[in-house]
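Colleague: next come a sequence and a model predicted from it.
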Amino acid sequence: MHLPIDTVLKKMEMNATGLAERLGLDKSTVYRWRYSKKRGGTDGIIPLAYWGLIQEMSGGKVKQEDFLPQDV
């Protein structure tokens with residue numbers, strides 16, 4: 001399974017630190033999105049509150065389906 005955070009970072013051609021800076025978040029917040037829910041993360045799912053901003057920042061590279069887990 002591909003994690004949405006990894007898909008988004010790849011399409012935006014940046015790392016978690018860069019995305020955190022662009023969103024005005026601490027880098028630990030974005031890194032934590034990769035963690036399992038048991039570890040206090042989101043299982044790779046980016047919180048809905050950031051979807052629109054990330055899509056806008058990506059210039060259309062990131063699509064809505066990129067925010068959903070993909071079985072591959």
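Modeller: Cool, got the structure. Numbers count the residues shown, from 1 in each chain.
Colleague: can you pull out the helices in the protein?
Modeller: Using DSSP state H, the helices of the chain run over 4-12, 16-23, 27-32, 51-57.
Colleague: go through these and pick out the most buried.
Modeller: helix 4-12 (a mean of 19; mean count of other CB atoms under 10 Å). All C-beta atoms are positioned from the backbone trio N, CA, C, and that covers glycine.
Colleague: okay if I get the helices of the chain as a markdown table plus distance to residue 44 and mean pLDDT?
Modeller: Listed next are these as a markdown table, based on distance: least, CB to CB, whole Å; pLDDT from 0 to 100:
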| stretch | distance to residue 44 | mean pLDDT |
| --- | --- | --- |
| helix 4-12 | 5 | 97 |
| helix 16-23 | 12 | 97 |
| helix 27-32 | 11 | 97 |
| helix 51-57 | 14 | 97 |
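Colleague: ok, which of those helices comes nearest residue 70?
Modeller: When the helices of the chain are compared by CB to CB, helix 4-12 sits nearest residue 70, at 7.1 Å.
Colleague: tell me which other helices or strands the closest one touches.
Modeller: helix 16-23, helix 51-57 (3 or more CB pairs under 8 Å, 6 or more residues apart in numbering; DSSP states H and E).
Colleague: which stretch among those helices comes nearest residue 63?
Modeller: Minimum separation from residue 63 across the helices and strands packed on helix 4-12 (CB to CB) falls at helix 51-57, 7.6 Å.
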